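Undergrad: curious how this folds, go ahead:
(one chain, ligands or ions: 1)
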Amino acid sequence: MLWTGPVGSGKKTYALALTRTLFCEKGEDCTGCQACHQVLHLTHSDLFWLEREQGKNEISVEAVRNLEKKLSNAPLSAPVKVAVIPEAGKMNRDAQNAFLKTLEEPPAKTLVILLAERTANFLPTVLSRCRPVRFGALSSGLVESLLVKTYAWEKPKARAATEFADGNMTLALQFANQDWMDFVAKVQVDFDRALTGGEDDWLQTASLYDQMEPDFLEEKTLTAGQRKAEVAKSALRIYAGIWNRRLLNQDSIPSNFGSLPPDQVLRSIQKHLDIIPSYLSPRMVLDHLFLELREGFKKGEIVPISFIESAVQI
Ligand SMILES: [Zn+2]
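TA: Now for the predicted structure:
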């Protein structure tokens, strides 16, 4: 199976839940038998959870061959073996080709689940061999009730995180991380100033975020370029969350923003978020966003600006 959907839409959680239903020794109301416990800690001997190796940007053909070797054995204690590749889109071309035979004719009693944000990185031959399942963003009601019931958060905190996260559970959960919350406060001040301050504020902000090493980015395995992209994406997700709250009127819009409709601001931020994993540098994307929004605030509506135009102005 190939499960695709945005970050925070529950793919990993669901993969673990499905594995539990297959491996559990007790059944529906199980509160934690040994098998379930091992699944949740990724220590069950019939669950193969293939992560990208530390310090590597892709999943290699060796890693896939190694997995195939393990899958060729019979399950040890569970009725089936389950293999999950959480960042399956990171399998390089050779790795995907090497995996074709397993996807075409999996060994007996084997379930393979590939998880990815989108199908773009897969070979057509891989796609045609997988059963696709599409995950959408979660509803706000579900995010809030999960935070309250599963994570035992106080209601006001859960509500604030939900309004911010817009259906992304991973983002909502970041509200428990102080380093992240410090970053949220910083983004709000910096980005608001980049939009309403002088030209210096605008140009300095993009360059500041281009060199930033925030505390919440714990994964040390990213390359310098990936870290820059990750910082820019996180900042844009946060700023989208801030405007989502402003749209919902939970946070009032500072008066110096004029009368630009918040939904237009949100759409523009979202558009730039989608551009980040592209050939443009994250810094150019931020510069462009600030320019487009600054012009928008002056005119009262957002008129898309081409990247060439913005490069000339900057
Ligand atoms: Zn169980």
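
Undergrad: can you list contacts of the strand or helix carrying residue 113?
TA: Taking DSSP states H and E as the criterion, residue 113 maps to strand 110-116. For strand 110-116, contacts defined as C-beta atoms under 8 Å, 6 or more residues apart in numbering pick out 1-4, 11-12, 15, 18, 22, 71, 80-89, 102-103, 106, 122, 126, 130. In this view, the C-beta of every residue, glycine as well, is placed from N, C-alpha and C.

Undergrad: helices - which of these land there?
TA: Secondary structure defined by DSSP state H assigns 11, 12, 15, 18, 22, 71, 102, 103, 126 of the contacts of strand 110-116 to helices.

Undergrad: and the furthest pair within those?
TA: 22 and 126 (23.4 Å; C-beta to C-beta).

Undergrad: those two: which has the busier surroundings?
TA: residue 126 (20 against 17; other C-beta atoms under 10 Å).

Undergrad: count of residues packed around residue 21?
TA: By other C-beta under 10 Å, 12 other residues sit near residue 21.

Undergrad: next one: residue 172
TA: Residue 172: 27 neighbours (other C-beta under 10 Å).

Undergrad: now do the same contact list for it.
TA: By C-beta under 8 Å, 6+ apart, the residues touching residue 172 are 8, 143, 147, 161, 162, 164, 165.

Undergrad: which one is residue 109 nearest to, not counting chain neighbours?
TA: residue 80 (4.5 Å; C-beta to C-beta, 6 or more residues apart in numbering).

Undergrad: please name the residues that touch the one you found.
TA: 22, 46, 109, 110, 111 are the contacts of residue 80 under C-beta under 8 Å, 6+ apart.

Undergrad: just residue 1 next, same as before
TA: Contacts for residue 1 (C-beta under 8 Å, 6+ apart) come out as 111, 112, 113, 114, 130, 131, 132, 133.

Undergrad: do residue 60 as well
TA: By C-beta under 8 Å, 6+ apart, the contact list for residue 60 reads 53, 92, 94, 95.

Undergrad: go on, residue 254?
TA: Residue 254 makes contacts with 192, 196, as judged by C-beta under 8 Å, 6+ apart.

Undergrad: can you tell me how far it is from residue 134?
TA: Computed as C-beta to C-beta, to the nearest Å, the residue 254 to residue 134 distance reads 38 Å.

Undergrad: any idea whether residue 277 is helix, strand or coil?
TA: When classified by DSSP: H, G, I helix; E, B strand; the rest coil, residue 277 comes out as coil.

Undergrad: surely it meets residue 232?
TA: No - counting by C-beta atoms under 8 Å, residue 277 does not reach residue 232; the two are 10.2 Å apart.

Undergrad: among the two, which residue is more densely surrounded?
TA: Neighbour count, other C-beta under 10 Å: between residue 277 and residue 232, residue 232 has more, with 24 against 14.

Undergrad: roughly how far apart are the nearest residue to residue 302 once chain neighbours are set aside and the ion?
TA: Counting by C-beta to C-beta, 6+ apart, residue 296 is the residue found nearest to residue 302 once chain neighbours are left out, at 3.8 Å. Relative to the ion, residue 296 is positioned 53 Å away (C-beta to the ion, to the nearest Å).

Undergrad: repeat for residue 300
TA: Residue 300 sits 58 Å away from the ion, taking C-beta to the ion as the criterion.

Undergrad: host element of the closest residue in space to residue 304 that isn't next to it in sequence?
TA: Of all residues not flanking residue 304 in the chain, residue 292 sits nearest, at 6.8 Å (C-beta to C-beta, 6+ apart). Per DSSP H and E, residue 292 falls inside helix 282-299.

Undergrad: now that helix: mean pLDDT?
TA: Regarding helix 282-299, the rounded mean pLDDT is 91.

Undergrad: point me to the residue of the stretch 101-250 of the chain nearest the ion.
TA: Going by C-beta to the ion, the ion is nearest to residue 150 of the stretch 101-250 of the chain, at 16.8 Å.

Undergrad: count of neighbours near that residue?
TA: If you count neighbours by other C-beta under 10 Å, residue 150 ends up with 9.

Undergrad: can you pull the residues of this protein lying near the ion?
TA: Neighbours of the ion within the chain, by C-beta under 5 Å from the ion: 24, 26, 30, 33, 36.

Undergrad: of the residues you listed - the most surrounded one?
TA: Most surrounded of the residues of the chain next to the ion: other C-beta under 10 Å gives residue 36, at 21 neighbours.

Undergrad: pretty sure that residue is touching residue 23, no?
TA: Yes - checked against C-beta under 8 Å, the pair residue 36 and residue 23 is within contact range at 7.2 Å.

Undergrad: before we move on, the earlier item: let me have the contacts of residue 172 in JSON lines, extended by secondary structure.
TA: As requested, these are exported to JSON lines (three-state DSSP):
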{"residue": "8", "secondary structure": "coil"}
{"residue": "143", "secondary structure": "helix"}
{"residue": "147", "secondary structure": "helix"}
{"residue": "161", "secondary structure": "helix"}
{"residue": "162", "secondary structure": "helix"}
{"residue": "164", "secondary structure": "helix"}
{"residue": "165", "secondary structure": "helix"}
